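Visitor: Sharing a sequence plus its predicted fold:
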Amino acid sequence: MTNVRTWKRAGCMALGAALLVGAGATRVAAHAGDGDTAKIHACVHKKNGKVRFVGADPSIACKGNENALHFNMQGAAGPAGQVGTPGREGRSALTPLAPGETVSGVWGASVTTASAGAVYRAFAAFPIPLETDVPEGRQIYVPGESAPNCPGRGRAAPGYLCLYQGWVDNAQTPSSGNIFDPSTEEGLSGASRFGFGIYLQSQSSGVTAVSGTFSVTAP
């Protein structure tokens, strides 16, 4: 009988220990969230490794066949990278165009006239100025797609200003001689190093308008 009692007592102690160990393991696995919102919390299946993401709430429990996993949202900072090569020095918008450089923009005007043949003007400034004025004969009005020294929109031969016609409404088609330098009192033919003007003329009374694009290339 003594041996029976001894074995029963030993068996109960072993069972109690096993339950405590089991309870401890279950408790560790149950804490899927540890309250730290700076971490990512998940439950990982013990056999297939499937990850189930959960929140930071400590009351959220992993299943018995899962282990809790906590990892940082951001890792430790890595070593500093190599110093890059210095970039090119920027330039002011007031720095003149270098030889061969081109700038483009838009121009146009719209007015209401009381009679046919009314003259009005449009003006445009170059985004970046030229080193010198555009001389007479190097300002070209292009009513079509291209012209000599004006191969197409957005382009101009070195030293030339090209005005490409866009929308025309109740207006006569201008010519290259209509383009002038607005910085002079006489309005000389050509263009200023800062921009240009152009004389326009209505076909009849009412609203009249002409617009388009321009390109100028430094000589």
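Guide: Thanks, I have it.
Visitor: All the helices of the chain, residue numbers only.
Guide: When assigned using DSSP state H, the helices of the chain occupy the ranges 2-30.
Visitor: quick one, strands of it?
Guide: According to DSSP state E, the chain carries its strands in the segments 39-45, 51-54, 66-72, 102-113, 119-125, 139-142, 161-169, 179-180, 195-201, 206-217.
Visitor: for the shortest one, packing partners?
Guide: I take that to be strand 179-180. In terms of contact count using 3 or more C-beta pairs under 8 Å, 6 or more residues apart in numbering; DSSP states H and E, strand 179-180 is assigned the packing partners strand 195-201. All C-beta atoms are positioned from the backbone trio N, CA, C, and that covers glycine.
Visitor: Next, the buried residues of the strand it packs on.
Guide: Across strand 195-201, burial judged by 16 or more other C-beta atoms under 10 Å covers 195-198, 200-201.
Visitor: now the angle between strand 161-169 and that strand, please.
Guide: Computed by axes from the mean of the first three to the mean of the last three C-alpha atoms, to 10 degrees, the angle separating strand 195-201 from strand 161-169 equals 40 degrees.
Visitor: what's the spacing between strand 195-201 and its chain's center?
Guide: Strand 195-201 has its C-alpha centroid displaced from the chain centroid by 35 Å (C-alpha atoms, centre = their mean, to the nearest Å).
Visitor: ok, and what's touching that strand?
Guide: The set of residues that contact strand 195-201 without belonging to it, under C-beta atoms under 8 Å, 6 or more residues apart in numbering, is 107, 109, 117-126, 134, 139, 141, 161, 163, 171-172, 174, 178-182, 187, 208, 210, 214.
Visitor: tell me which residues in stretch 172-182 are buried?
Guide: Neighbour counts using 16+ other C-beta under 10 Å place 172, 174, 176, 178-182 of stretch 172-182 among the buried residues.
Visitor: and that stretch, how far from the chain's centre?
Guide: That offset, for stretch 172-182, works out to 37 Å (C-alpha atoms, centre = their mean).
Visitor: Let's see it as CSV, backbone CA atoms only.
Guide: Presented in CSV, the C-alpha positions along stretch 172-182 are these (Å, rounded to 0.1, in the frame of the first residue of the first chain):
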residue,chain,number,x,y,z
GLN,A,172,-5.5,89.1,-90.9
THR,A,173,-2.4,86.8,-91.2
PRO,A,174,0.6,88.7,-89.9
SER,A,175,4.0,88.7,-91.6
SER,A,176,7.5,88.7,-90.3
GLY,A,177,7.7,92.5,-90.7
ASN,A,178,4.9,92.8,-88.1
ILE,A,179,7.3,91.6,-85.4
PHE,A,180,9.1,94.5,-83.6
ASP,A,181,11.3,95.5,-80.7
PRO,A,182,9.0,97.0,-78.0
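Visitor: Any chance you could list what contacts it?
Guide: Applying C-beta under 8 Å, 6+ apart, the contact partners of stretch 172-182 are 123, 133-134, 139-141, 143, 161, 163, 165, 187-192, 195-203, 210.
Visitor: Buried ones among the residues you listed?
Guide: With neighbours counted by 16+ other C-beta under 10 Å, the contacts of stretch 172-182 contain buried members at 133-134, 139-141, 161, 163, 165, 189-192, 195-198, 200-203, 210.
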